[in-house]
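>>> Structure for this input, please:
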Amino acid sequence: MTEKQKIKWVLRLWRRLGRIPLRWLYRLSDFLAWVVRDVVRYRREVVDRNLEIAFPELTRQERRKIAKDFYSYFCDLILEAPRMITWSVEEMKEHITFEGIEQIREDTASGRNFTLYIGHYGQWEWIPSIALWLPGVTCAQIYSQLHDPVSDQIILANRQAHGSKSVEMRDTLRYVLSARQSGNPFGVGYVADQSPSADKLHHYIDFFGRQVPTHVGAEKITRRLGLSAYFLDMHRVRRGYWSVRVIPMPYDKEDDQGGFTLTQQFYKLLEEMIRRDPAYYLWSHKRFKYEKR
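Model prediction:
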C-alpha cells in the first residue's frame, strides 16, 4: 500500500469515527478511559508527578480524582477531534463558541492583525474553527510536523477543515511577513506552552511555582509586527460543548527590556485557567522535564 493510499484509508476511518452519534461516542470514550488509565496505564507516572508538582497542597485522594477526570477528558479529546471534518458550519458553531470575538473583528477592521495564545487545554483541536467566526480574515495555526506522514496529513486535514491554514513552525516568520505584505487581515495562533527541545533551553518562565523553559518566538513576532495579542480561555459547558473567552493581552511595544512580558501574561492566564478546572490540561505532557533547579 502506497503512502497516498494509506492516507486515504485512514482519512476514511477518521471520517467514520466523526459520524458516530455522540451518545455512543462517549460510551466508547468511557471504556477507553478505563483501558488507558488502569490497563495500559498510559503515562500514569508522568500524570501523577505533574499533579504532585502543580498541586502540592491537595491530598493524594484529590489529585487521584483529577487524574481520573483527566483520562476521561483525554479520551474525549481524541474521539471528538474528527468532528472538525464531519460537522457542518452550524454544528461546529453550536459546539464551540467564542465570547468577545468582536474585539478581534474591530482590530482587523482598523487594519491591525493579531496573535492568539493557546495552551494544551480543553478541546484545542476545535480552536481552528475560529475562522468561521471571522469571515474575511485569514486564520492560521502554527504546528510542528509529525514524523509519521500519514498522521501528519490526517491532522492537517482535520485542522484545516473549516478554513484555517496550518503553518509549519520553521516557516512561521516567512508566513507572517508574507501575510502582512498581502494586505489582507490575518491572525496566527500558537499553542504556546510547548516545551523546547534540550538544545533550546534559553528562556525560563514561572509555571506553578517552577521555572520551566519556554518558546518566545510568538512574542518576538508579535512585537516586531505590532500585532494585537489575545489569550483564549476555554471552559467546558458540558460534554462536547466548549465556550472560549477572548482575553486581550496588552503590551507596550517600546518597553520590554527582554523580559518577555507577553509570555509571562500567557503563563499566568494559563495557570489561572488550569487551576479553575485542572482535569482539562494535558498532564501527560512532560512539562516540568527541563525545569531549572
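>>> distance of E99 from P82?
Counting by Cβ to Cβ, to the nearest Å, the separation of E99 from P82 is 25 Å. Bear in mind the C-beta positions are built from the backbone N, C-alpha and C, glycine included.
>>> The two: which has the busier surroundings?
Neighbour tally, E99 and P82, criterion other Cβ atoms under 10 Å: the higher count belongs to P82, 24 against 12.
>>> my guess is that one meets L11, correct?
No. The criterion here is Cβ atoms under 8 Å, and P82 misses it with L11 at 9.7 Å.
>>> From the contact counts, what lies against the longest helix anywhere in the chain?
Residue-count comparison of every helix in the chain, with assignments taken from DSSP state H, identifies helix 60-80 as the longest. Identification of packing neighbours for helix 60-80 by 3 or more Cβ pairs under 8 Å, 6 or more residues apart in numbering; DSSP states H and E yields helix 22-34, helix 44-54.
>>> TSV for these, including mean neighbour count and distance to K200?
Converted to TSV, those look like this (neighbours: other Cβ atoms under 10 Å; distance: least, Cβ to Cβ, whole Å):
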stretch	mean neighbour count	distance to K200
helix 22-34	15	34
helix 44-54	17	21
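>>> Switch the ones you listed over to a markdown table; also include distance to I130 and mean pLDDT.
A markdown table is the format used below for those (distance: least, Cβ to Cβ, whole Å; pLDDT from 0 to 100):
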| stretch | distance to I130 | mean pLDDT |
| --- | --- | --- |
| helix 22-34 | 22 | 97 |
| helix 44-54 | 28 | 97 |
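>>> Looking at those helices, which is nearest to R236?
R236 lies closest, by Cβ to Cβ, to one member of the helices and strands packed on helix 60-80: helix 22-34, at 13.1 Å.
>>> what angle do the closest one and helix 60-80 make?
Put simply, helix 22-34 runs at 130 degrees to helix 60-80, going by axes from the mean of the first three to the mean of the last three Cα atoms, to 10 degrees.
>>> List the buried residues for the helix or strand containing S178?
Take DSSP states H and E as the rule and S178 turns out to sit in helix 172-182. Residues T172, Y175, V176, A179 are the ones in helix 172-182 that count as buried (16 or more other Cβ atoms under 10 Å).
>>> Quick check: chain neighbours aside, which residue is closest to the last one?
Setting aside the residues directly before and after it, A179 is nearest to F186 in space (Cβ to Cβ, 6 or more residues apart in numbering), at 4.3 Å.
>>> Show me where the stretch 101-250 of the chain has its helices.
Counting by DSSP state H, counting those that start in this stretch, the segments of the stretch 101-250 of the chain that form helices are 102-109, 149-159, 172-182, 217-225.
>>> which residues touch the shortest one?
If I follow you right, that is helix 102-109. Surrounding helix 102-109, the residues in contact under the criterion Cβ atoms under 8 Å, 6 or more residues apart in numbering are N113, F114, L134, G136, V137, P185, G187, S228, Y230, V246, P248.
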